[in-house]
Structures are given as C-alpha cells and as structure tokens.
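>>> Here you go, sequence then predicted model.
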Amino acid sequence: MNGERNSVLEMRHISKHFAGVKANDNVSIELKEGEVLALLGENGAGKTTLMNILFGIYRADSGEIKINGKNVHIASPHDALRHGVGMVQQHFTLVPSFTTAENIVLGLKELGFIPNTRNVESRIEELGMRYGLPVNPRAKVWTLSVGEKQRIEILKLLYKGAKILILDEPTAVLTPQEAESLFKAVKKMVDDGASVIFISHKLDEVMEVSDRVTVLRAGKVVGTANTAEITKNDLARMMVGRDVILDIQKPDVEIGKKILEIENLKVKNDKGLLSVNNLSLEVRAGEVLGIAGVAGNGQRELAEAIYGLRKAEDGKIFLKGRDITNASISGRIKEGIAYIPEDRKGTATCPNLPVSTNLFLKNTITRLVNSTHFFIDRKKISEKASELIKDYSIMTPSHRTPVKLLSGGNIQKVVLARELSRTPSLIIASHPTRGLDIGAMEFVYRTLLEQKRKGAAILLLAGELYEIFRLSDRVAVIYEGKIVGYAPPDPAHIEEIGLMMGGSKAGDLQ
Ligand SMILES: Nc1ncnc2c1ncn2[C@@H]1O[C@H](COP(=O)(O)OP(=O)(O)O)[C@@H](O)[C@H]1O
Ligand SMILES: [Mg+2]
C-alpha cells in the first residue's frame, strides 16, 4: 500500500461546532482507493461527528467534501449512498420486526412493488458467504444477536453498492472471534475495490486492520501516518498528547485467604428470568478475578447480587467466611464491600449533588468522617473532600460543584475515591474504564492494582479482554449466567476464551 493510489474521498477544512464545543476544527482527511484508513481518537475527539457529516446526518459549518475528485454536497444518508458512501453507525438502525432481507432492501426503489424475495435472499446469502459474514435472510431481526445485526448493517451497505464504507467503533459489541471475522471481511472489501474508514480508540486493532491512520484529538487532526511505519506507543502519544504507560505492571502479591465465595447462585434479571444460573466462584485476598463475557450474560445481576441490590433466588454468598446472602447493603458495606458500578451517573453517584456529598454518601453508614452525634461536621467534610480531590486528582472547580458537571473520567474518580478510601476487602468493579480516555484509564488501573497490593480481593467485570488481561490473575468466562471455564490472562488463550464467550466450550470442539 503506498501513495500511488487515487484518492476516492477528500474532506477538507471541515469545522463543526455544537453549543460551546468545537467537535471538528479545520479537519482534513483523505481516503485512497482500496485502503483501510483508521480514524483514531479518544472519546469525544470528534470522529463520529466527522463521519456523520460525510454520511449526511450533520451539516458542516464550513469545509468541503470531494468524492473521486469532484465536489459533492451530501444532505442526507440517501444522498451519501447515491455517492457510494455507507456508514454502520454505533447504534444500529434496523427495524426489529422485519427480517434480515426486508431490512436490507428497505428503501430500495428499484425493486418494484413486489420484490422477488427469493432472489433478494439468495443474493444476501451469497454476499454473506463472500465476505465471511453469515446471516439468515429470513430471520426476524429482533431474534438476532448484536454481532448478527452488525453483519446485516454491513451487508446492507454492500448490497446497496457502497464503495466507501464507514465503520464506527464496530468491535465495541463483538467477541474476539467476531472481531477477527470482521477484520477479514474488511480486508476482502478492500480487495474487491472498496475503501474503508475504520473508527476506533483501540490501538491494537488499528495496528491490525489499517493501512494508514489519522489521529484526532479534541476536534483537530494531530497527524496521519502509514500504519506500518508507526508504533503503538507513537499512536498512543498522538492520541492523548503525552506519554502513557501501556504496559502496567501487576504487583507481585501473595494470594491470601478466601474473601468472596459464591455457591450455586441464582439471580433473576428485571424480566424475572434467571440470568445468574447456578454460578459458583471464589476470589482471594490480593487476587483479581476477571470475568470475561459478552454483555448480557448475567454480569450485571451477579455484581448487584453480591452488593445486595438484587436478591439471591438460591445459593449462597460468603464474605470472609460469613454468610452474607441475605445481609443488607449497609451490612455489606460495613463488612468491606466496595462497588464500582457500570452506571456511573445512575447507580454510582447523585449527579445533582456536590462532589463532597458524593464522596461521603456512604459514610453515614461507616461513620468514617467523625460527625458529632447528630450533626454533620461540614468543616471536616470539606477538609476531607479536598484531600480526596487532591489524592485522586479529581478535576473539579470545587468540592461544591455538582457531580454532573464533571467529565466522565472525573466522575469515575469520585466513585473510586469514595469506594476505595474505605480500604475495602472486596471490590466489585464493573466496566471501570468504560467510556474513559487513556489517561483516566491508566489512573483507574493503577488505583485498582494499588488495592490489590494492599490485599483487596477484586472481582473485575469487563467487556474488553485487554483490560481483563492487564489486571487479572485468573480469567473466568461467564456465559448464560454460569462460569463455563477458566483461563490464564494471556493473549495465547484469546481464542479459547472467545469460544467460551460465544457459548462453545473450547473442549467441545475438535
Ligand atoms: N449532537 C450533539 N450535540 C452536542 N454536542 C455534541 C453532539 N455530537 C457530538 N457532540 C460533542 O462533540 C464532541 C465530539 O463528539 P464525537 O464526534 O461523538 O466524538 P468521538 O466519536 O470521537 O467520541 C464531544 O465533545 C461531544 O460531546
Ligand atoms: Mg464516536
């Protein structure tokens, strides 16, 4: 792949602002024929905005777009498709009650009144086979997994003859195997003459899938490089604007006695179905047990049951040998459970209350701040809050600022400060870095590993395997509410783990 190729797309000097935010600031990118261009950037860097402009969802404040050398005006996704531009958005746009085939041909005029369904279906099957993206054309979309829905979104664009395909953070919802198949499909597309813009904030996949990479930071282009000529560390530095430590060392900690023990636990989800179903596991002092799994396999219900937010239908939960299956939440907090929930603004904090109140929400129970009997000692609280704000480098105008005005990373720091300053013996961390940028992520990793060093047992529930590998001592795979197997946190076991995540136990296949 070199510079001799024709340019199929140029976006030049694109700017776009939303109330108070410059989402794109004089951004220029170029896509060449038959290449994969990665758009790399942290959350909020402006990647989706730029692509929404290209796909006709937003209109740029200024700048121009050229396709195959000609200036074009794209006012809607329909316009975009007419110019051969198709986008798979982060949130899918399929009609659940329609079949795969119906969704794919939706909006195509040339089919006439009564489309020849058989033809359409076999054409879709063919396309799916060609790209290694198998779908069932007759299945109703609501019955399908996210991975299948994404395949349909991609096939829809190929079916409609898109030549420039935009994939916005496509791997966020996939198992490692599905991601690998997607990378193969992307390579096939470019072999067939299409050009692909692949959006990501993950360095590994950018290195794997792209020919060139353009890095965005805070709405501006930081630089563009040939992927083969740049290192992961360079990209990381460009993305965050400083050096980051990507290989965080796990501290060498002696694994101690059992802290958490779960026996044959059953927990129902909000629909009243058993989503934790006979699950057993244990975590010891100083140990991080990573739970890998595709979202929706009981992770949330498991975490909530351990913390006491959800009742156990059956089975037992022990903390340091004591049965806490039916203990109150406050009882569990007193016993030393800390919970970093996935839902930062709903469960974890009270968004309208000040930072200081959020920092001490739980201390009426633990009485960590010495209040004199009936009064809350405001001076003490503000002193203690300022201390935590400093220790956890929480960027906030003051401890009186409502939490909702902080950035995602800083809200997470408030949660960490509150949960971890109480020296817990068990930490349940659910997606602790979801939506955070690399800098904040690094902080969360360090903080959790510091707790491990102090002897806490940590149950880590995360969707991203690299996060689990980076922190865990052992990896357990959850599938349909059960632990289906264990593996060491080593990339050599990715395939085995992925198979278990997808419901086929490694040992079942030959
Ligand atoms: N519809 C919108 N209204 C207001 N602000 C928006 C809107 N879309 C994006 N933004 C803001 O623009 C910036 C860039 O967002 P986005 O393009 O989604 O970033 P990325 O895809 O790189 O994560 C962010 O600060 C985001 O909050
Ligand atoms: Mg985005």
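That came through fine. Ligands and ions are numbered 1, 2, ... in the order given.
>>> Name the nearest residue to Gly41, sequence neighbours excluded.
Spatial nearest neighbour of Gly41, chain neighbours left out: Leu216 (3.7 Å); criterion: Cβ to Cβ, 6 or more residues apart in numbering. Heads up, the C-betas are built off the backbone N, CA and C, glycines and all.
>>> In terms of helices and strands, where is that neighbour?
Element membership of Leu216, judged by DSSP states H and E, is strand 212-217.
>>> OK, contacts around Thr93?
Glu153 (Cβ atoms under 8 Å, 6 or more residues apart in numbering).
>>> Could you tell me the phi and psi values at it?
phi -120, psi 30 (degrees, to the nearest 10).
>>> try Asp252
As for Asp252, its main-chain torsions (degrees, to the nearest 10) stand at phi -80, psi 110.
>>> what about it, distance to ligand 1?
Using Cβ to the nearest ligand atom, to the nearest Å, Asp252 is found at 37 Å from ligand 1.
>>> How about Leu449?
As for Leu449, its distance to ligand 1 is 27 Å (criterion: Cβ to the nearest ligand atom).
>>> Tally up the residues packed near the nearest residue to that residue once chain neighbours are set aside, please.
Nearest residue to Leu449, sequence neighbours excluded (Cβ to Cβ, 6+ apart): Pro251, at 5.8 Å. Applying other Cβ atoms under 10 Å, we find 11 residues neighbouring Pro251.
>>> same check, this time on Asp490
Using other Cβ under 10 Å, Asp490 is surrounded by 10 other residues.
>>> So, low pLDDT: which residues of the stretch 1-150 of the chain?
Scanning the stretch 1-150 of the chain with the threshold set as pLDDT under 70 gives 1-3, 109-115.
>>> Where do the strands of it begin and end?
Using DSSP state E, counting those that start in this stretch, the strands of the stretch 1-150 of the chain run over 7-18, 21-32, 36-40, 62-67, 70-72, 85-88.
>>> what would those strands look like in JSON lines with distance to Thr423?
Shown next, in JSON lines, are these (distance: least, Cβ to Cβ, whole Å):
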{"stretch": "strand 7-18", "distance to Thr423": "42"}
{"stretch": "strand 21-32", "distance to Thr423": "39"}
{"stretch": "strand 36-40", "distance to Thr423": "38"}
{"stretch": "strand 62-67", "distance to Thr423": "53"}
{"stretch": "strand 70-72", "distance to Thr423": "60"}
{"stretch": "strand 85-88", "distance to Thr423": "45"}
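>>> Check which strands are paired with the strand holding Leu216 and give the direction for each one.
If you go by DSSP bridges, strand 212-217 pairs up with strand 36-40 (parallel), strand 220-226 (antiparallel).
>>> before we move on, back to that, what sits against the residue nearest to Leu449?
Taking Cβ under 8 Å, 6+ apart as the test, what Pro251 contacts is Leu449, Lys452, Arg453.
>>> One more: Leu167?
If a contact means Cβ under 8 Å, 6+ apart, then Leu167 has Met87, Val88, Ile154, Leu182, Val186, Val196, Ile197, Phe198, Ile199 as its contacts.
>>> picking up where we left off before, compare the contacts of Pro251 and tell me which is most surrounded.
Neighbour counts for the contacts of Pro251, by other Cβ under 10 Å, peak at Lys452, which reaches 22 neighbours.
>>> For the strands of the stretch 1-150 of the chain, state which one has the densest average packing.
strand 36-40 (a mean of 27; mean count of other Cβ atoms under 10 Å).
>>> That one near ligand 1 anywhere?
No. Contact of strand 36-40 with ligand 1 (Cβ under 6 Å from any ligand atom) is absent, the minimum separation being 8.1 Å.
>>> still on that earlier bit, take the strands paired with strand 212-217 and write them to TSV, including distance to Tyr479.
As requested, those are exported to TSV (distance: least, Cβ to Cβ, whole Å):
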stretch	distance to Tyr479
strand 36-40	31
strand 220-226	39
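>>> Quickly note the distance from Gly56 to Leu499.
Distance, Gly56 to Leu499, by Cβ to Cβ, to the nearest Å: 40 Å.
>>> Enumerate the residues of this protein near ligand 1.
So far as Cβ under 6 Å from any ligand atom goes, the chain lies against ligand 1 at Phe18, Val21, Ala23, Gly41, Asn43, Gly44, Ala45, Gly46, Lys47, Thr48, Thr49.
>>> which two in those are spaced the farthest apart?
Farthest apart among the residues of the chain next to ligand 1 by Cβ to Cβ are Phe18 and Gly41. That separation is 16.6 Å.
>>> and which of the contacts of Leu167 is nearest to Ile468?
Top of the list for closeness to Ile468, among those and by Cβ to Cβ, is Leu182 at 20.3 Å.
>>> Tell me the pLDDT of that closest one.
As predicted, Leu182 sits at a pLDDT of 97.
>>> Tell me which helix or strand it sits in.
Using DSSP H and E, Leu182 maps to helix 176-191.
>>> contacting residues around that helix?
Contact partners of helix 176-191, identified using Cβ under 8 Å, 6+ apart, comprise 34-36, 130-133, 147, 150, 154, 158, 165, 167, 170-171, 174, 196, 198, 205, 208-209, 465, 494-495, 497-499, 501-502.
>>> could you check the angle strand 36-40 makes with that helix?
130 degrees (axes from the mean of the first three to the mean of the last three Cα atoms, to 10 degrees).
>>> Off-centre distance for helix 176-191?
Relative to its parent chain, helix 176-191 has a centroid offset of 19 Å by Cα atoms, centre = their mean, to the nearest Å.
>>> Only the buried residues of the following helix or strand past that helix, if you could.
Once the chain leaves helix 176-191, the next helix or strand it forms, by DSSP H and E, is strand 195-200. For strand 195-200, a neighbour-count test (16 or more other Cβ atoms under 10 Å) marks Ser195, Val196, Ile197, Phe198, Ile199, Ser200 as buried.
>>> The last one and Leu235: what is the separation?
Translated: Ser200. Distance from Ser200 to Leu235, by Cβ to Cβ: 11 Å.
>>> overlap in contacts of those two?
Residues within reach of Ser200 and of Leu235 at once, by Cβ under 8 Å, 6+ apart, are Leu40, Val206.
>>> quick one on the thing from earlier: my guess is the residue nearest to Gly41 contacts Ala45. True?
Yes. Using Cβ atoms under 8 Å, Leu216 makes contact with Ala45 at a distance of 4.2 Å.
>>> show me the contacts for Ile483.
When contacts are counted by Cβ under 8 Å, 6+ apart, Ile483 is found next to Leu279, Ser280, Leu281, Ile291, Ala476, Val477.
>>> Among those, name the ones in strands.
Secondary structure from DSSP state E places Leu279, Ser280, Leu281, Ile291, Ala476, Val477 of the contacts of Ile483 in strands.
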